[in-house]
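Trainee: have a look at this prediction, sequence included:
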Amino acid sequence: MAVNIDRLEENPVEVPKGGIKYFDIVGKNLLTADLKFYASFDQAGAQRDHEIKVYVDEFGTRREKRLPMIAEATEKADNDANKVRWVVIKLNGNIEDTEQGLTVI
């Protein structure tokens, strides 16, 4: 069962430096157990951005095709407008899918 991102509900997702941004991922099989999320500077997910934390909004309504998320940027996050990050989904250590669209403002 493949986990896929069709799109980010809002694109770009503009995360304030030192703040948080709520957004939704639209895709398939998003309720699969043990999914891990993070931000990366590249589509392959190899250049992880440790200054942005991406996680499921525990208080939002989860659906198989829509998942409420939170992106949280530290004060150290690079807010260069040209540095657009990818949202990465991993399952069991393997990258399932990526979608470009996270920026820090």
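Mentor: Arrived safely. Numbers count the residues shown, from 1 in each chain.

Trainee: burial check on Ile25, number of neighbours?
Mentor: Neighbour count for Ile25, taken as other CB atoms under 10 Å: 25. Yep, even glycine has a C-beta here, placed from its N, CA and C like the rest.

Trainee: apologies, that question was intended for Ile20.
Mentor: Using other CB under 10 Å: Ile20 sits among 12 other residues.

Trainee: helix, strand, or coil at Lys53?
Mentor: Following DSSP: H, G, I helix; E, B strand; the rest coil, we place Lys53 in the strand state.

Trainee: check contacts around it.
Mentor: By CB atoms under 8 Å, 6 or more residues apart in numbering, the residues touching Lys53 are Tyr38, Ala39, Ala71, Glu72.

Trainee: pull up the gap between it and Asn82, please.
Mentor: Separation of Lys53 from Asn82 (CB to CB, to the nearest Å): 22 Å.

Trainee: for Ile105, same thing?
Mentor: Per CB to CB, Ile105 is found 12 Å from Asn82.
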